[in-house]
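**Q** no sequence on this one, just coordinates:
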């Protein structure tokens, strides 16, 4: 970023790979809570009422209730996939940089 001091950015791949499962577990936990909440909401029935605004709300909400509740669990689980992908990409880049540096060093020695 402009105006910030330049420092080397390094990642510890082991830490990244060990962090990712925590997001998977959190997503699973949220998913379990969502299932429990879904059951409780189902037990309430049409909790939005029978008046005109309640019926309008219920007509839209009821179709999407489960999807709305499950979005968070899926997104948190997705963070795990993103961390693993980032670590994989970083590892590939690091290996390519090491090979390039070794190649440059070999060329320098030939001069």
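**A** That came through fine. The model shown is predicted, which means the values in this text are computed figures rather than measured ones.

**Q** who's in contact with the residue nearest the centre of the chain?
**A** Using C-alpha atoms, centre = their mean, the residue of the chain that lies closest to the mean C-alpha position is residue 79, 1.5 Å off. Taking C-beta atoms under 8 Å, 6 or more residues apart in numbering as the contact definition, residue 79 lies against 20, 23, 27. C-beta here means a position set from N, CA and C on the backbone, and glycine is covered the same way.

**Q** rerun that using 7 Å as the cut-off
**A** Taking C-beta atoms under 7 Å, 6 or more residues apart in numbering as the contact definition, residue 79 lies against residue 23.

**Q** On the pLDDT front, check it for me.
**A** With respect to pLDDT, residue 79 scores 91.

**Q** Which helix or strand contains it?
**A** In this structure, residue 79 is located in helix 52-110 according to DSSP states H and E.

**Q** What distance do you get for the residue nearest to the centre of the chain to residue 73?
**A** For residue 79, the distance to residue 73 under the criterion C-beta to C-beta, to the nearest Å works out to 11 Å.

**Q** now swap in residue 89 and tell me
**A** When distances are taken as C-beta to C-beta, residue 89 and residue 73 turn out to be 25 Å apart.

**Q** Comparing these two, which shows the higher neighbour count?
**A** Taking residue 89 and residue 73 together and counting by other C-beta atoms under 10 Å, residue 73 has the greater number of neighbours (19 against 10).

**Q** so who does the residue nearest to residue 76 when sequence neighbours are not counted touch?
**A** Ranked by C-beta to C-beta, 6 or more residues apart in numbering and with sequence neighbours excluded, the top spatial neighbour of residue 76 is residue 27, at 3.9 Å. Applying C-beta under 7 Å, 6+ apart, we find residue 27 in contact with 73, 76, 77.

**Q** For the last one, list the residues it contacts.
**A** Taking C-beta under 7 Å, 6+ apart as the definition of contact, the neighbours of residue 77 are 23, 24, 27.
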